[in-house]
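Participant: Below: sequence and its predicted model.
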Amino acid sequence: MRLHGDEDKLYGDKAYADNEKKEQFEAKGGSWCIARKATPGQVLTDTDKKWNRRMSRIRSKGEHPFRIVKHLWGYAKVRYRGILKNACQLFTLFALANIFLVRRKLLKLQP
């Protein structure tokens, strides 16, 4: 996991759960919102399950544009055309995906 240093909250699934990284991030004043993982041979407590559910609701807002770009529009494999061209194409695709997510709200605004 790479961070640029300006993060104040960090969301992710349980694959990113790491106590050492958590302590380092919280020592810098950040809020660690990674899903909690059960230890081997144990089950998650109800409190941890509620925490994971709350965090996944927030994290899913950032995951939806990826679903649209990859699954609806079939952009799963990138063809290298140069860093600038690829970046421009991805910025455009994600801007359109965000518009696609709010399309119903935009249609309601029409007279």
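Facilitator: Good, I have the coordinates.

Participant: how about the helices in the chain?
Facilitator: 19-27, 46-67, 83-101, 103-108 (DSSP state H).

Participant: right, and those helices - which one's nearest G12?
Facilitator: Ranking the helices of the chain by their distance to G12 (criterion: CB to CB) puts helix 46-67 first, at 7.0 Å. Bear in mind the C-beta positions are built from the backbone N, C-alpha and C, glycine included.

Participant: Now do that closest one against helix 83-101, angle only.
Facilitator: 110 degrees (axes from the mean of the first three to the mean of the last three CA atoms, to 10 degrees).

Participant: Take helix 46-67, keep the C-alpha atoms, and write them as CSV.
Facilitator: Coordinates of the C-alpha atoms in helix 46-67 are reproduced here as CSV (Å, rounded to 0.1, in the frame of the first residue of the first chain):
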residue,chain,number,x,y,z
ASP,A,46,-20.5,-8.6,16.7
THR,A,47,-18.8,-5.2,17.3
ASP,A,48,-16.2,-6.0,14.7
LYS,A,49,-18.9,-7.2,12.2
LYS,A,50,-20.8,-3.9,12.7
TRP,A,51,-17.5,-2.0,12.2
ASN,A,52,-16.7,-3.8,9.0
ARG,A,53,-20.3,-3.2,7.7
ARG,A,54,-20.0,0.5,8.4
MET,A,55,-16.6,0.8,6.8
SER,A,56,-17.6,-1.2,3.7
ARG,A,57,-20.5,1.1,3.1
ILE,A,58,-18.2,4.1,3.0
ARG,A,59,-15.5,2.3,0.9
SER,A,60,-18.1,1.1,-1.6
LYS,A,61,-18.7,4.6,-2.7
GLY,A,62,-15.2,4.7,-4.1
GLU,A,63,-15.4,1.2,-5.6
HIS,A,64,-18.6,1.8,-7.7
PRO,A,65,-16.8,3.9,-10.5
PHE,A,66,-14.3,1.0,-10.9
ARG,A,67,-17.2,-1.4,-11.4
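
Participant: Done for today, thanks.
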